[in-house]
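K.L.:
Okay, predicted coordinates and the sequence, questions at the end:
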Amino acid sequence: VQAWAAIREQRFLHDAFQFRFRSEGTRNAMRDVWNLDYVELDRNRRRGQNTTRDIGISESVSTLMHYSAVPARQFVATPELYLRDEIAASLNNLGNLPGAIAWRAFIQQVGTSPADTFLREEGLIPGLARQRQITATPRITNLNLNPEGFVLQHGFWLDTKEQNARQRANDSTMQRTTFSNYFALDDGSAEAGYSSLYTYGNTQVAQRFELAAPDQVRAFRVHFPQVGVQHNNVAIIFRIWADDDGRPGRTLHEQSFPVRQNEGLNTFYEVELNQPVPVEGTFYVGFSQPATLYLNIGFDRNAVVTGSLFYNTVVSGWQQDTVNAGAVMLRPVMAGQALGLEDEEALEASLQVYPNPNTGILHFSGPYRSFLIYDVTGREILRHTATVWQDPVRLPRFSPGLYTIRIETDHHTFITKRILLKL
């Protein structure tokens, strides 16, 4: 909508002239909010002359990925796993007459090579066109990306042939994406807080992430906004889960950490894990809290993600959150490498099962989480979870022979041993 305002009074006609606009409404959420795109000052305009022949960007370019940040090594390994099928922007023609323009889509590694143009098009934009969409399929094949980290800038540029330089200021839109060592679905600003609405038991919240290559989670970053009751230094549980057919499954790691709500507006703080946690494929990070705590974690309502947020209560089990659109402000920080073969061999050598041969009581030389025992046919015959005190395990009366034991270590890796049972 364009509006025309005449300024005729002599008291306004001086070099120090200033003005401002005030927005008024019922303050009913965001429903009465409006904004100015730009103000054009000119002389000798006629009443009713409230259109200008300006074609410009009306909605900025969409994000390059469904994520706002991806570790550089993960992105370089398989870019197609993360890139959107297409990026988009919108434009308006504020004039009554159609305009013939051209446009191009580009991507550039900031600070290095020139931009790579992956789309060139032209068209006739009808008069008074509103929110006319332009799209393109992004590519990075012509960029030499460093797996240690980089910044990409992508966007659209319009060639409108406009003679007025001030009207060319809205002929481009671009966005930067940082590729470092962490995942993020949020854009870094909290429009709301995400909290439990249940009044008993514990509530768990999990957010899904996809890996192009095996890696390790070494830390996480989180933002708690200063809303409602303050819970500074209250401890809750951070968790990492493996995937179980599209939902959080087996717990890979859990660790208590303190809530900090006094870090500042949209400010994250980082919590280092007790030990790096190996992950691959799909994994989930989140937290567990008493339902009565009413703790708000930062929530980005502008994040265009679907199917990534889950919650678990004593009533529902794991459910996808189909009501709240957005992302919680919780970001896993990756080590940048999978658990190496040398590390696995060291772990296997450090954990022994004895005595072997064995007469029915297993001792373990180090901490473990659980184990499974299989007979010579591969049939599972025993499943055991370690006690807090890591007590020796008395086996049922199995037939003498060779058995395979698969042990889950405290590092969430698996070690396979063979034991010989005898009478």
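P.N.:
Right, received. Where do you want to start?
K.L.:
In contact with the residue lying closest to Met329 once chain neighbours are set aside, which residues are there?
P.N.:
Nearest residue to Met329, sequence neighbours excluded (Cβ to Cβ, 6 or more residues apart in numbering): Gly298, at 3.4 Å. The way it works is simple: take the backbone N, C-alpha and C, and place the C-beta from them, glycine included. Applying Cβ atoms under 8 Å, 6 or more residues apart in numbering, one finds that Gly298 lies in contact with 186, 190, 193-194, 222-225, 266, 328-329.
K.L.:
farthest-separated two in the residues you listed?
P.N.:
Tyr194 and Asn266 (14.6 Å; Cβ to Cβ).
K.L.:
and the residue nearest to Met329, helix, strand or coil?
P.N.:
What DSSP: H, G, I helix; E, B strand; the rest coil gives for Gly298 is strand.
K.L.:
That one and Ala192, how far apart?
P.N.:
Applying Cβ to Cβ, to the nearest Å, the value for Gly298 to Ala192 is 8 Å.
K.L.:
same deal with His231?
P.N.:
Taking Cβ to Cβ, one finds His231 at 17 Å from Ala192.
K.L.:
do the same with Ser288
P.N.:
21 Å.
K.L.:
Then Asn232?
P.N.:
20 Å.
K.L.:
Over to Ala129?
P.N.:
Distance from Ala129 to Ala192, by Cβ to Cβ: 34 Å.
K.L.:
Could you do Arg418 as well?
P.N.:
With Cβ to Cβ as the criterion, Arg418 and Ala192 are 55 Å apart.
K.L.:
higher neighbour count, these two?
P.N.:
Ala192 (14 against 11; other Cβ atoms under 10 Å).
K.L.:
Was I right to think that one contacts Ile297?
P.N.:
No: contact criterion Cβ atoms under 8 Å: Ala192 and Ile297 do not qualify, at 10.0 Å.
K.L.:
tell me, how many neighbours does Ala335 end up with?
P.N.:
Counted with other Cβ under 10 Å, Ala335 comes out at 19.
K.L.:
which SS state does Ala100 fall under?
P.N.:
Applying three-state DSSP: Ala100 is strand.
K.L.:
oh, I was asking about Thr292
P.N.:
Secondary structure state of Thr292, per three-state DSSP, is helix.
K.L.:
could you measure it against Phe183, distance?
P.N.:
30 Å.
K.L.:
Please apply the same query to Glu121.
P.N.:
33 Å.
K.L.:
Counting neighbours, go ahead and name the busier of those two.
P.N.:
Per other Cβ under 10 Å, whichever of Glu121 and Phe183 has more neighbours is Phe183, with 27 against 12.
K.L.:
Enumerate every residue touching the more buried one.
P.N.:
Counted by Cβ under 8 Å, 6+ apart, Phe183 has contacts 67, 69-71, 74, 209, 331-332, 334.
K.L.:
Of those residues - the most surrounded one?
P.N.:
Within the contacts of Phe183, most neighbours by other Cβ under 10 Å means Val70, with 29 neighbours.
K.L.:
That one against Tyr82, yeah?
P.N.:
Yes: between Val70 and Tyr82 there is a contact under Cβ under 8 Å: 5.3 Å.
K.L.:
Adjacent strands (with direction) for the helix or strand hosting Tyr403?
P.N.:
Applying DSSP states H and E as the criterion places Tyr403 in strand 401-409. Strand 401-409 sits in its sheet next to strand 368-374 (antiparallel), strand 414-421 (antiparallel), going by DSSP bridges.
K.L.:
Can you add distance to Asp116 and give those strands back as TSV?
P.N.:
Shown next, in TSV, are the strands paired with strand 401-409 (distance: least, Cβ to Cβ, whole Å):
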stretch	distance to Asp116
strand 368-374	48
strand 414-421	44
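K.L.:
May I see these organised as JSON lines, with mean pLDDT and distance to Ile140 added?
P.N.:
Shown next, in JSON lines, are those (pLDDT from 0 to 100; distance: least, Cβ to Cβ, whole Å):
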{"stretch": "strand 368-374", "mean pLDDT": "90", "distance to Ile140": "40"}
{"stretch": "strand 414-421", "mean pLDDT": "87", "distance to Ile140": "36"}
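K.L.:
quick one, which of the ones you listed is nearest to Met174?
P.N.:
Between these, strand 414-421 lies closest to Met174; by Cβ to Cβ that is 46.4 Å.
K.L.:
how about the closest one: buried residues?
P.N.:
414-415, 417, 419, 421 (16 or more other Cβ atoms under 10 Å).
K.L.:
Can you report how many residues lie near the nearest residue to Leu362 once chain neighbours are set aside?
P.N.:
Residue nearest to Leu362 in three dimensions, not counting chain neighbours: Val393, with 4.5 Å by Cβ to Cβ, 6+ apart. Val393 has 17 neighbouring residues, counting by other Cβ under 10 Å.
K.L.:
How about the backbone phi and psi for Val393?
P.N.:
Here the main-chain torsion angles of Val393 (degrees, to the nearest 10) amount to phi -110, psi 120.
K.L.:
That one touches Gly360, doesn't it?
P.N.:
No: if you go by Cβ under 8 Å, Val393 and Gly360 don't touch, sitting 9.5 Å apart.
K.L.:
Against which helices or strands is the host helix or strand of Phe283 packed?
P.N.:
For Phe283, the element it lies in under DSSP H and E is strand 282-290. If contacts are counted by 3 or more Cβ pairs under 8 Å, 6 or more residues apart in numbering; DSSP states H and E, strand 282-290 sits against strand 202-210, strand 215-222, strand 235-243, strand 248-258, strand 330-334.
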